[in-house]
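A.B. asks: I'll drop the sequence and a predicted model, then ask my questions.
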Protein chains: 2
Amino acid sequence: MSSMSAEASIPIPRMASDERRELVLKAATEVFGQRGYAGTTTDQVAAAAGVSQPYVVRIFGTKEKLFLAVLQRALDVMMVAFRQALSEEPELPVSQRMGRAYVDLLQDRGLLLSLMHGFVLGADPEIGRVARCGFLEVYKFLKAEAGLGSVEAAEFLAHGMLLNTLVGIRMTDEYDTNPDAREMLEGSLGAKLPLLLALDHTRTAS
Amino acid sequence: MSSMSAEASIPIPRMASDERRELVLKAATEVFGQRGYAGTTTDQVAAAAGVSQPYVVRIFGTKEKLFLAVLQRALDVMMVAFRQALSEEPELPVSQRMGRAYVDLLQDRGLLLSLMHGFVLGADPEIGRVARCGFLEVYKFLKAEAGLGSVEAAEFLAHGMLLNTLVGIRMTDEYDTNPDAREMLEGSLGAKLPLLLALDHTRTAS
DNA sequence: CGGTGTTGTAATCGGATGATTACTTATTCG
DNA sequence: CGAATAAGTAATCATCCGATTACAACACCG
């Protein structure tokens, strides 16, 4: 009978630290994307990841290191997506493939917004360094691998920053009710607008 | 001789509440622009404005209301600048005048960055409302008053968001040492780059 | 004068939050 | 097995920060 108590308590599944780290990183990306670096608490990240608050700080050391890891992961994911987009569907123009790959990054919730939050915190020594380095990495890729000129690359980046802003400001919330918002979204995104609108539906429908 | 003690203590200059409010608002714009909404303390704003911390919260009620006032002021200043740019130098093309007016807003330290911080906090009910409304106001102006088409307006906004990002990420810090950064800044800003570089010099020289 | 409203501060409070410590439970391996 | 290692948490701490309160000094006005 002494074994009954052991059977009554369901064994809590453990996880390899690598998997757990990745899981927390994804959860942190979502929360940081919505609330920004300073506006996010380690407790909110922990809740989103389904672990305790002390555990997320033990995995990453400090909240700042966690945010830096989120930024680095976002940049890595982006570069992988860009390189894959370059290698596929060679019949389409480069700019179109890159734009499509960029919009597809919205599937990874909070990824582009976490980056954006990092970009506007350039005054912070650590965050600024990673942000500048990552931004320049993208620019170098656009020129050296995607074959864009410096003005074309700037144009691509400009549209990317506008997309980030429109997502961050939640302009799609006004799409159904505000004709101006609708028109602006269409003028800004063109054929890529449906991809953005579809995202909101998956969120509200879940 | 009883008046001597009164003469010894230098009378502290008072200020009309309107002036003081404006002064705090400008100081808050600078600090919020550098550190974001959640990353800024009311104490930092107070120090920048040269008043006590309880006073800045008494003027505005709460920190959030202060940030909303900063956003509203930034939007107002921007619209005034745009309208003035439209009415002056009619020999130049509209887009050039608007772009120039936008870059000139960098003179008001933190103004564009505070806006940017507001834009990426669209998930916040209050901040999001003001940010969306202000952004749409600009778009409507570009179409109705500046006479741009929806795609041209989006193009203008895109370059604005890229400028905001480059300022926020402090890309100009790398201008002298990093050839890639130099090239990207030139490709992004073109003739407006000197205006941006001049700003940093005024800051480091002060 | 003197009293009344306004500008402004010092002191302090209470809640939030990042981090630390100590402990528990599972897994791995000789 | 059983000891060692790793995954994970509960409890708690110390600090920060927005807000409140109570008070001080000055201006205006009768």
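C.D. replies: Okay, I see it. Numbers count the residues shown, from 1 in each chain, chains lettered A, B, ... in the order given.

A.B. asks: Next, work out how far apart residue A:153 and residue B:139 are.
C.D. replies: Distance, residue A:153 to residue B:139, by Cβ to Cβ, to the nearest Å: 25 Å. C-beta here means a position set from N, CA and C on the backbone, and glycine is covered the same way.

A.B. asks: Which helix or strand in chain A has the lowest average pLDDT?
C.D. replies: Of all helical and strand segments in chain A, the minimum by mean pLDDT, DSSP states H and E falls on helix A:4-8, at a mean of 38.

A.B. asks: Output the very next helix or strand once past that one as PDB - backbone C-alpha positions only.
C.D. replies: Using DSSP states H and E, the helix or strand that follows helix A:4-8 in sequence is helix A:17-35. C-alpha atoms of helix A:17-35 as PDB (Å, rounded to 0.1, in the frame of the first residue of the first chain):
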ATOM      1  CA  SER A  17      16.800  22.300 -20.800                       C
ATOM      2  CA  ASP A  18      17.300  23.000 -24.500                       C
ATOM      3  CA  GLU A  19      13.700  22.500 -25.300                       C
ATOM      4  CA  ARG A  20      12.500  24.500 -22.300                       C
ATOM      5  CA  ARG A  21      14.800  27.300 -23.200                       C
ATOM      6  CA  GLU A  22      13.400  27.400 -26.700                       C
ATOM      7  CA  LEU A  23       9.900  27.300 -25.300                       C
ATOM      8  CA  VAL A  24      10.500  30.200 -22.900                       C
ATOM      9  CA  LEU A  25      12.200  32.100 -25.700                       C
ATOM     10  CA  LYS A  26       9.100  31.900 -27.900                       C
ATOM     11  CA  ALA A  27       6.800  32.900 -25.100                       C
ATOM     12  CA  ALA A  28       9.100  35.800 -24.300                       C
ATOM     13  CA  THR A  29       9.000  36.900 -27.900                       C
ATOM     14  CA  GLU A  30       5.300  37.200 -27.800                       C
ATOM     15  CA  VAL A  31       5.100  39.100 -24.500                       C
ATOM     16  CA  PHE A  32       8.000  41.400 -25.300                       C
ATOM     17  CA  GLY A  33       6.400  42.100 -28.700                       C
ATOM     18  CA  GLN A  34       3.200  43.200 -27.100                       C
ATOM     19  CA  ARG A  35       4.600  45.200 -24.100                       C
END
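
A.B. asks: Check which helix or strand the nearest residue to residue A:88 once chain neighbours are set aside maps to.
C.D. replies: Nearest residue to residue A:88, sequence neighbours excluded (Cβ to Cβ, 6 or more residues apart in numbering or on different chains): residue A:97, at 7.3 Å. Here residue A:97, judged by DSSP H and E, is contained in helix A:94-104.

A.B. asks: Quick one, grab the pLDDT at residue A:46.
C.D. replies: Residue A:46 carries a pLDDT score of 98 in this model.

A.B. asks: Quick check: closest non-adjacent residue to it.
C.D. replies: Here the residue nearest residue A:46, using Cβ to Cβ, 6+ apart, is residue A:53, at 4.2 Å.

A.B. asks: Helices along chain A, start to end?
C.D. replies: Remark: helices assigned in chain A by DSSP state H are A:4-8, A:17-35, A:42-49, A:53-60, A:63-87, A:94-104, A:111-119, A:125-144, A:150-168, A:179-189, A:193-205.

A.B. asks: need the ones you listed in a markdown table with mean neighbour count, can you?
C.D. replies: Below are the helices of chain A laid out as a markdown table (neighbours: other Cβ atoms under 10 Å in any protein chain shown):
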| stretch | mean neighbour count |
| --- | --- |
| helix A:4-8 | 8 |
| helix A:17-35 | 19 |
| helix A:42-49 | 19 |
| helix A:53-60 | 16 |
| helix A:63-87 | 18 |
| helix A:94-104 | 18 |
| helix A:111-119 | 27 |
| helix A:125-144 | 18 |
| helix A:150-168 | 22 |
| helix A:179-189 | 19 |
| helix A:193-205 | 12 |
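
A.B. asks: give the contact list for the residue nearest to residue A:88.
C.D. replies: Going by Cβ atoms under 8 Å, 6 or more residues apart in numbering or on different chains, residue A:97 touches A:85-86, A:88-89.

A.B. asks: cool, and residue A:145?
C.D. replies: Neighbouring residues of residue A:145 by Cβ under 8 Å, 6+ apart: A:83, A:86.

A.B. asks: Let me know whether residue A:138 touches residue A:78 as I believe.
C.D. replies: Yes - counting by Cβ atoms under 8 Å, residue A:78 is a contact partner of residue A:138 at 7.0 Å.

A.B. asks: shaky segments in chain A?
C.D. replies: A:1-12, A:206 (pLDDT under 70).

A.B. asks: So which bits of it are right by DNA strand C?
C.D. replies: The interface of chain A toward DNA strand C, taken as Cβ under 7 Å from any atom of the strand, is made up of A:9, A:11-14, A:40-43, A:53-54, A:57-58, A:62-64.

A.B. asks: Could you single out the nearest of these to residue A:198?
C.D. replies: Distance to residue A:198 across the residues of chain A next to DNA strand C (Cβ to Cβ) is lowest for residue A:40, with 26.5 Å.

A.B. asks: Give the burial count for that closest one, as a bare number.
C.D. replies: For residue A:40, the count of nearby residues is 24 (other Cβ atoms under 10 Å in any protein chain shown).

A.B. asks: what does the one 10 residues further on give?
C.D. replies: Other residues within reach of residue A:50, judged by other Cβ under 10 Å, total 10.

A.B. asks: backbone phi and psi for it, please?
C.D. replies: For residue A:50, the backbone dihedrals (degrees, to the nearest 10) come out as phi 80, psi 30.

A.B. asks: Could you do residue A:177 as well?
C.D. replies: Recorded main-chain torsions at residue A:177 are phi -110, psi -20, according to degrees, to the nearest 10.

A.B. asks: how close does it get to residue A:57?
C.D. replies: Counting by Cβ to Cβ, the gap from residue A:177 to residue A:57 is 42 Å.

A.B. asks: Over to residue A:86?
C.D. replies: The value you get for residue A:86 to residue A:57, if Cβ to Cβ is used, is 38 Å.

A.B. asks: With residue A:47 instead?
C.D. replies: 14 Å.
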